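J.: With the sequence up front, the predicted model follows.
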Amino acid sequence: MPETLDFDAAAGVPLAGLTALQALRDELGLKSGSRVFIPGGAGGVGTFAIQIAKALGAHVTTTASPRGRALVERLGADVVVDYTTQHFEDHVRQMDGVFDLLGGETLERSFGVVKPGGTVVSVAGLPEPTTARKDLDRGALLATLFWFASFGIRREAKRHGARYRYLFMHPSGAELSELARMIDGGRLEPVVDRVLPFDAIEDAFAHLEGGHAKGKVVVRMVDRQ
């Protein structure tokens, strides 16, 4: 646990932080000068992703509402597209990679903004064969099921000369320690939208499903005395 965080903020780090780190560094291979598009940058994973991408030296483009613009700019986003009034594909071009957090139509449109040979990594799309083998350590049967499930989205990727990868985050104590060092060193700021008690968990999910959370929503199991 980072020494500079309380328990509420620390609780929001592992899933979102590891997901962002593994997608950006391990799958997209971001390095100094890379150009990455992260739609939905003001959300729980997105707020980590923007900062980690910047720490890796990348140029970051994201989408946000007018209410979220100040947050993503403060976290380091270089270009912010207002998704309430603009289509990102009209403003985003020649990305080395995309980290998709939204799935659906956003994922499909993302293939058009990567340069040939670029990669789109999603945590909201459909699993593909590599997911079964690399992330879940499963065999040919599950890989075959994922092959059929993801056929349409992989075909779309191929049409644009891109690669598609669905990511299941894997736990890693070493990487959690790395994130803790970044936080304690002031290079990574966990963003907490709100902290709710367990008896308000329905409200927590409703807030998340409304799509308006900025950062993480944390549920406290037991109120501290």
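T.: Here it is on my side, so go on. This is a predicted model, so every value here is computed, not measured.

J.: Can you list the low-confidence ranges for this structure?
T.: Filtered on pLDDT under 70, the chain yields the residue ranges 224-225.

J.: Parallel or antiparallel, list what pairs with the biggest strand by length in the chain.
T.: Using DSSP state E to define each element, the chain has its longest strand at strand 114-122. Using DSSP bridges, the strands paired with strand 114-122 are strand 95-100 (parallel), strand 163-166 (parallel).

J.: Can you point out the buried residues in the first one?
T.: By neighbour count on 16 or more other CB atoms under 10 Å, the buried set for strand 95-100 is M95, D96, G97, V98, F99, D100. Every residue, glycine included, has its C-beta placed from N, CA and C.

J.: nearest to L141, of those residues?
T.: Nearest to L141 among the buried residues of strand 95-100, counting by CB to CB, is D100 at 26.5 Å.

J.: just checking, the closest one touches V121?
T.: Yes. Using CB atoms under 8 Å, D100 is in contact with V121, at 6.9 Å.

J.: how about the helices in the protein?
T.: Counting by DSSP state H, the chain has helices at residues 7-11, 14-21, 44-55, 66-75, 104-110, 129-130, 140-149, 151-159, 173-184, 201-209.

J.: Identify the residues contacting stretch 11-20?
T.: Stretch 11-20 is contacted from outside by 2, 5, 44-45, 47-49, 52, 99, 123, 167, 169-172, 175-176, 179-180, 183, 188, 190, 192, 215-216, 218, using CB atoms under 8 Å, 6 or more residues apart in numbering.

J.: From T144, how far out is F48?
T.: With the distance defined as CB to CB, to the nearest Å, F48 ends up 33 Å from T144.

J.: Neighbour count: those two, which is higher?
T.: F48 (30 against 12; other CB atoms under 10 Å).

J.: Name the residues of stretch 180-187 that are buried.
T.: Neighbour-count burial for stretch 180-187 [16+ other CB under 10 Å]: A180, M182, I183.

J.: Repeat that for stretch 140-159.
T.: Buried-residue list, stretch 140-159, by 16+ other CB under 10 Å: L142, A143, F146, A149, S150, I153, R154, E156, A157.

J.: which two in the residues you listed are spaced the farthest apart?
T.: The largest distance within those, taken as CB to CB, falls between L142 and E156 and amounts to 22.1 Å.
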